[in-house]
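Visitor: Sequence and predicted structure are below.
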Amino acid sequence: MTERPNTDTDSNSDSNPNSKPNTAPEENTTSSPSATAADRPETLPVSAVATLCNDVVDNVSRVIVGHQEAIEHAVVALLARGHVLLEDVPGVGKTMLARSIATSVDCDFRRIQFTPDLLPTDVTGVNVFNQQTREFEFQPGPVFGNVVLGDEINRAPPKTQSALLEAMEEEQVTVDGETRPLPDPFTVIATQNAVERDRTYELPFAELDRFMKKLRLGYPDPAEEAELLGRTVGRHPIESLEPVTDREALVRARETVANVRVEEPIREYATRLVGYTREHARIGASPRGTISLLQAAQARAVLDDREYVVPDDVQTEAPTVLGHRIETADRERDRDRDGDGDAIVAEALERVPIDP
Amino acid sequence: MSAGSRWPTLGRGDRDRTLSLEADGTIGPDAFRVLALGCVLLLTTAYVSVLQNVTQVVGGTRTLLALVVATLLAATILARLIRPGTALVLTALVAVTGFIYYFERSGVGAAVVFSAGESIVADAVTLATGLELLRVVEAGVWTLAFAPGPVFLSWYLAVRGRYGLSVVPGGFALLFLVLTGDAGSAVTLLGVLAALGAVAFGDLERRGGSVAQADAIAVLFAIIVALSLSVTFVPGGAGTANPTTAGASDGTLEATIDSASERSGIAGEVDLSPEIRFVVEADEEAYWRTGVYDRYTGDEWVRTGQSQPYAERALEKPAGATETMRQTVTVRTELGVMPAAAHPLEVEGGIGDYTEVSAHGQIRPATTLIEGDTYAVESAVVEPAPIALHDAGTDYPEEIEEHYLQMPESISGEFEARTAEVTERTETPFETAVAIERYLRTSKDYSLEVDQPEGDAAEEFLLEMDEGYCVYFATTMTQMLRAEGIPARYVTGYTSGEQISDDEYVVRGTDAHAWVGVYFPDHGWVEFEPTPPQPREAEHSERLLDAQEERIEDEAIQTGIEDTPDADDEDETDGDDDPDAPAHNPDGTDAPGEAGEDDPSAENETAPEADEPGSSDTGDDPNGSAPTTADDGLTTPVPITRELVVVASVLFAGLLAGVHRTGATVQARQLIGLYWQRPSDDPDRDAERAFHRLEGALARDHRPRGAAESARSYVTALERQNADLDPRVERVLERYERAVYGSGVDRAEADETIEIVDEITRNRLPIVRRDGN
């Protein structure tokens, strides 16, 4: 029960996630030149990563009241090299979540406030002519950070959005024909307002797919809100937040996650789940969705101090990973209708057998 | 599997299934057609074989088979030429023609048929309510009339592919024969299975079914076989009550010779009951006749024709010189017969209303006579002088010749040759009869302990056997006479019995007997006795003695005091020397009678095939019956017949198919696997199996795991609901997950897992749990 050849399953790219856990380092060499096989980071023991994650979650929880699950999901995405889309009404702590995570892992935190007049170069950076050296010098944009917060991403025009999305997908930025790698780790946490849709540029369905997870925070319950007020009124706790780990450990933790064992029954189960969404929706989850699902499940397994993925990991991750990748017929007619995808995922989890 | 076939990514399984289906489909409709036609043919064979059984007795087998084959050929040809409606009309015509012929032959006349339709209906109803074909006077003609209709119609429809309909005429024919009681359970079963097979295979042909679906047919077959073994609806098919003595068990001579009201069987070893049957008050002794039989099948005697109430049929006085004899019979036990000296003429007393008269002039009660019933009969005894019989000649009436010369077709030339040899020097029928009588008396020994012969009883007795009892002697003599062209018939009843006063005779079960009636023109039926009298008396007295001794012992054990042994001893010694010895103390005769009534098991005590449960249950005295049944009651082996093998194999095949269809094997394996697991070479598989066992146990105790429910969430949910869930379950779960999804478990871990599951599951077993507590 080790690796299975890719030809074992279907010919489409679903086969990639199946083998990815064990071959991930090789794949990364193509997409991120900085990480060649030679300087591949060493892995951490699973238990150490589990402790690290729990520390991060606990640390973030000092700032973010409630939302324990959302914090965990965000940490999972961070470990699984994914990006997060937070969709909610303003003022529930989206930005604070991104900031506190970045601080906890001692990473470079950047923030881009998307506005209708934001230009792509405002995101990626621009070549500036240096009078003294008589040369163009690259002024890195805010995207060159470890944790990038793209605030209200749906307010910017598509061209600007796509600059960020390209960076997310390829972990590199191309300015004036020159390609520059982004720092490692690189995680985007984008937020999107669920209100005022009239003056926004809704993210295209295809681009939503690039986010590993879409999360909703929701309002805190009364007790939590009271505690929130107690903590934040006066001096905001984010000011005093201390890192619990460093960038180096995060990189190694990500390597550990990539090496988590995903056996064939799990791969087949994920395939069946995604297949179900394809059969029961107008557009089901993409192969990229399947890859993301297994990557998230790997991170979830580590969070649970396990070096192999069990079906429960997949089940925990499926709603946030797959929900936004599914387009139902209803949503086509009524763009405000969200959550149908979630319903289909819930249905799939209820009906798809774990053992065939 | 459902998921597997749904997902294109798991296409391998799909392909396999398609291939296997195609493989099944290669057995095409042609094979099913052949099977269906075969089944129709089998059904036809079933009821034709019943008819053939009849013709083998009364003659005409060759005609019948030729008729059936011709009908089949005609049906095959006409199936392509004529339409179903025409065929139906044709069938009706054939049937009507056949039955007109039958009525002409049986002397009723076709004209009567047209004028009196209700009598035909009555005839059919009589047959359908259990009158056997063998009892029909013109049975041979009847079969010829009956056969062509259903044979033609069913084969015609089958050839045209209408299997379902084709079963209908065949089924009706078989049903009719079942109702007449001629079709035995084996033939009926075969016919029903064939009918079912025809419909099923025909359906498979039409819908293009596969062989895989044939297991359903096998299951149906088995169900029918099982039902037929447990439910008996065939009249007279099973458990024929003994009409002679209501309580008597099988195996006695009386039960054999009067095995049913219209037939007299021929058994192997028989026993005699010492019980007193009736007491006759008459001026002289005589054989007390209870039955007359005319048709011989090879292994039993059948009485043809129907009985009529005494009031409607006058008893005919024999033609020759007769002597009138008056007798009064007092019944001393339940009796299904009405013993009277030969040629009863008049029944006196109220009992006449309950008396029936057979076609042969034998009286019998319409209901069972009970103890204390008394009736008086006036009989005409034929006692012609030998010289008169010598001169009687052979001018037999046609009616007599037709009925009393019947012999089974299977009779061999050897039998006839031996008969001719015995009667070589005789000139008149009377001399022939005397010669045969003497021959049998002198050449054969008397014994009640014989094995029932396989083939024709008369033939076997004459040619092979050295000893036998009255049934064999009388049967053989009757058949020998018939072989010589002398009308003869088989008569059953009782010998005169024990004379206890001038005009009083006590008749016991030991006096049951069979003899021969021979017809002489102008004289009527004269009785002959082929059984050697002295050995018979000796044997029968011995039986009586045995029974009495045992009873005395029983009584001695029971009461400790016995005051009548002397009287009984006297009986026995007297009986040994001279059965007709007079002057018996009435007390002495009463004593055994009473004892017999008190202790019904007494009559079974020497029975070689003692009906053990019956006798010991009804017996008041377990001491008496226990030793004797132990002696010889348990030695009867279960005969393994071909029939039994066939039935058993059909049942077995059906059982297998049913098991296959319901998946019981899988369930059984799961149940066994729940409590027992043998470690394999692969620790991972062991851990996995161990968890599945645990899952099975949890499913029984709580609820089964949902298909979409992960093992962990299942266990978690159970833990939340049941606080007392074994904490080791968690450990088994962890091992299972690691074995299936992780790096695997090592040998020690797998063994430990199996051990844990063993403990948990076995605690569920009630006995072990009690021990554990």
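Guide: Received, thanks. Numbers count the residues shown, from 1 in each chain, chains lettered A, B, ... in the order given.
Visitor: Could you use CA atoms for every contact and neighbour count after this?
Guide: Will do.
Visitor: per-residue confidence for residue 99?
Guide: No chain was given, so I picked chain A. You'll see A:Arg99 listed with a pLDDT of 86.
Visitor: that answer is for a different chain, and I need it for chain B
Guide: So, for B:Phe99, pLDDT stands at 77.
Visitor: Hmm, it is touching B:Ala139, no?
Guide: No: using CA atoms under 8 Å as the test, B:Phe99 is too far from B:Ala139 to be in contact (11.8 Å).
Visitor: Show the end-to-end separation of stretch B:741-752, please.
Guide: 19 Å (CA to CA, to the nearest Å).
Visitor: Over to stretch A:230-241?
Guide: Note: stretch A:230-241 ends 16 Å apart using CA to CA.
Visitor: Run through the stretch 101-250 of chain A and note the low-pLDDT ranges.
Guide: Across the stretch 101-250 of chain A, the ranges flagged by pLDDT under 70 are A:197, A:234.
Visitor: give me phi/psi at the residue of the stretch 51-200 of chain A found nearest chain B?
Guide: At 17.6 Å from chain B, A:Glu69 is the closest residue in the stretch 51-200 of chain A, using CA to the nearest CA. Dihedral angles of A:Glu69 (phi, psi; degrees, to the nearest 10) stand at phi -60, psi -40.
Visitor: How about the contacts made by B:Phe152?
Guide: Taking CA atoms under 8 Å, 6 or more residues apart in numbering or on different chains, we find B:Phe152 in contact with B:Thr71, B:Leu72, B:Ala74, B:Ala75, B:Thr91.
Visitor: got it, and A:Pro237?
Guide: A:Arg62, A:Val63, A:Arg231.
Visitor: what's the answer for B:Thr61, then?
Guide: B:Thr61 is in contact with B:Gln52, B:Thr55, counting by CA under 8 Å, 6+ apart.
Visitor: Domain ranges for the chain, per the record?
Guide: All of this is about chain A. The record's domain split for chain A, according to automatic domain parsing, is A:12-41+A:261-351, A:46-248.
Visitor: Switch to chain B, please.
Guide: If you go by automatic domain parsing, chain B breaks into B:25-208, B:253-531, B:664-772.
Visitor: can you tell me if the last one touches chain A.
Guide: Read that as domain B:664-772. Yes: counting by CA under 8 Å from any CA of the partner chain, chain A has neighbours in domain B:664-772: B:Ala707, B:Ala708, B:Glu709, B:Ser710, B:Arg712, B:Ser713, B:Glu737, B:Arg738, B:Val740, B:Tyr741, B:Gly742, B:Ser743.
Visitor: Just the buried ones from those residues, in ChimeraX syntax?
Guide: In ChimeraX, a selection of the buried entries from these looks like this (16 or more other CA atoms under 10 Å in any protein chain shown):
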select /B:708,709,710,712,737,738,740,741,742,743
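Visitor: Helices - which of the residues of domain B:664-772 next to chain A land there?
Guide: With helices taken from DSSP state H, the overlap with those comprises B:Arg712, B:Ser713, B:Glu737, B:Arg738, B:Val740, B:Tyr741.
Visitor: of those residues, closest to chain A?
Guide: Using CA to the nearest CA, these come closest to chain A at B:Tyr741, 5.3 Å.
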